[in-house]
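**Q** Fold the following for me, if possible:
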Amino acid sequence: MNQPQQPNVKLINSAEYRENYANSVQVRVSVWDFFLVFGTLQQQSETEVEISNFQGIYVSPQQAKALLSILQQNVAQYENAFGGITLDPRMTPAGPIH
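**A** Sure thing, here's the model as predicted:
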């Protein structure tokens, strides 16, 4: 079976395009879409973290899966070039994710 040929892609930034830094991403899932909420996390004290959310983006399940794939590829390339990335175990969800 032949693979469809990739179209030529032209990237254009709209007038509303902005770049921001996020060190927090929350994900909410429904049957129709994934909702990614980006923000900045600041440690207020040893036991308190404050997250200021600034952007929410809805993506289709298909786009979420494509994003997962491209992020996996890019994280693997980053770790090959710069070494492994470790996560703070305190920031890992302890229970079920809803």
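
**Q** mind listing the strands for this protein?
**A** 24-29, 34-45, 48-59 (DSSP state E).

**Q** If you count neighbours, what's buried in the shortest one?
**A** I take that to be strand 24-29. Neighbour counts over strand 24-29 (16 or more other C-beta atoms under 10 Å) mark residue 24 as buried. In this view, the C-beta of every residue, glycine as well, is placed from N, C-alpha and C.

**Q** roughly how far is stretch 60-71 from the heart of the chain?
**A** 10 Å (C-alpha atoms, centre = their mean, to the nearest Å).

**Q** Not counting it itself, show me its contacts.
**A** Stretch 60-71 has contacts (C-beta atoms under 8 Å, 6 or more residues apart in numbering) with 32-34, 59.

**Q** re earlier: make TSV out of the strands of the chain and add mean pLDDT and distance to residue 79.
**A** Formatted as TSV, those follow (pLDDT from 0 to 100; distance: least, C-beta to C-beta, whole Å):
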stretch	mean pLDDT	distance to residue 79
strand 24-29	95	19
strand 34-45	94	22
strand 48-59	95	25
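
**Q** In TSV: these, plus distance to residue 12.
**A** Output for the strands of the chain, formatted as TSV (distance: least, C-beta to C-beta, whole Å):
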stretch	distance to residue 12
strand 24-29	25
strand 34-45	22
strand 48-59	18
